[in-house]
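Colleague: got a structure for you, letters missing:
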């Protein structure tokens, strides 16, 4: 209870010190170790979380929650291939139609997408969509992944619109919608959603970069360069921001507008479905 209070105040190191007083003989020991690992993640001590969870994984190889949490830490830290192995172990130890399966499929899909193995990524993300009843996180991730690669644009946009309608106050999903509209050439509309995303997630470097791009083709060149410079001041945990490209845009602007192949009628029907809330 003391550790819970400390976590609520953001005092994660103190919370873990409290957890250390709970002996291994306690029935709460395993759940406490998972909480400790989560606190390491909260302070971005991914190596500490990984070491703790790997010790637990050795001691409790049949525990799917430990395998899932370890997979998540490895994925966050960019170790996608190793993360997939632990997600597979988690799946092997889940019994029956467990509600957690779609989350694991989603995580595996993200890993394969980061490894640029899109066939496998699409397989697992599609399974996650089916089991998770079209969860907006999965819709957004798959739609955005297709958009980045210029694939299945009509379907990608429909997924992102549906995700946004379910979670209009999620910064990353709002960014996806704005970025999709930008790439489709709807610059003014894109700016509205990217500004909203930047308000929700003011410390997100990728959103600032996207907003700068939209400003550029909206004839707001000074504001564009301000956003690009702002993006370079922030840490990017996603690995998506290419800093050399951003610096080039600050110096030279953007010479070429986005060019995607899509059905304008289908896209404009989807635009009508965007929630105005």
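Modeller: That came through, no problem. Please read these numbers as outputs of a predicted model, since none were measured by experiment.
Colleague: Please count neighbours and contacts with C-alpha atoms only from this point.
Modeller: Will do.
Colleague: What about residue 95, how many residues nearby?
Modeller: Each residue near residue 95 was counted by other CA atoms under 10 Å, and the total is 10.
Colleague: how near is it to residue 126?
Modeller: Using CA to CA, to the nearest Å, we find residue 95 at a distance of 21 Å from residue 126.
Colleague: wait, what's in contact with the nearest residue to residue 263 once chain neighbours are set aside?
Modeller: The shortest distance from residue 263 to any non-neighbouring residue, by CA to CA, 6 or more residues apart in numbering, is to residue 154 (6.7 Å). Residue 154 makes contact with 262-263, 266-267, according to CA atoms under 8 Å, 6 or more residues apart in numbering.
Colleague: Out of those residues, which end up buried?
Modeller: 262, 267 (16 or more other CA atoms under 10 Å).
Colleague: Residue 72 and residue 84 touch, don't they?
Modeller: No. Here residue 72 does not reach residue 84: they are 9.3 Å apart, not a contact under CA atoms under 8 Å.
Colleague: Check the model's average confidence along the helix or strand hosting residue 84 for me.
Modeller: Per DSSP states H and E, residue 84 falls inside helix 80-93. What helix 80-93 shows for mean pLDDT is 96.
Colleague: Pull out the buried residues from that helix.
Modeller: Using 16+ other CA under 10 Å as the test for burial, helix 80-93 gives 80-81, 83-84, 86-91.
Colleague: Any idea how far that helix is from the middle of the chain?
Modeller: 19 Å (CA atoms, centre = their mean, to the nearest Å).
Colleague: Just the angle for the helix or strand just after that helix relative to helix 80-93, thanks.
Modeller: For helix 80-93, the following helix or strand on the C-terminal side (DSSP H and E) is helix 101-114. Comparing the axes of helix 101-114 and helix 80-93 via axes from the mean of the first three to the mean of the last three CA atoms, to 10 degrees yields an angle of 160 degrees.
Colleague: And the helix or strand just after helix 101-114, what's buried?
Modeller: Next helix or strand after helix 101-114 toward the C-terminus (DSSP H and E): helix 118-131. By neighbour count on 16+ other CA under 10 Å, the buried set for helix 118-131 is 118, 120-122, 124-129, 131.
Colleague: List just the nearest of these to residue 139.
Modeller: residue 129 (7.1 Å; CA to CA).
Colleague: What score does that closest one have for pLDDT?
Modeller: 95.
Colleague: So it is in contact with residue 137, correct?
Modeller: No. Between residue 129 and residue 137 there is no contact under CA under 8 Å: 9.3 Å.
Colleague: Give me the neighbour count for residue 96.
Modeller: Close neighbours of residue 96, defined as other CA under 10 Å, add up to 7.
Colleague: Wait, residue 14 touches residue 2, no?
Modeller: No. With contact defined as CA under 8 Å, residue 14 and residue 2 do not form a contacting pair (9.5 Å).
Colleague: the more surrounded of the two?
Modeller: Neighbour count, other CA under 10 Å: between residue 14 and residue 2, residue 14 has more, with 15 against 11.
Colleague: excluding its backbone neighbours, what's nearest the more buried one?
Modeller: Nearest residue to residue 14, sequence neighbours excluded (CA to CA, 6+ apart): residue 6, at 6.7 Å.
Colleague: which SS state does that neighbour fall under?
Modeller: helix (DSSP: H, G, I helix; E, B strand; the rest coil).
Colleague: Many thanks, I have nothing further to ask.
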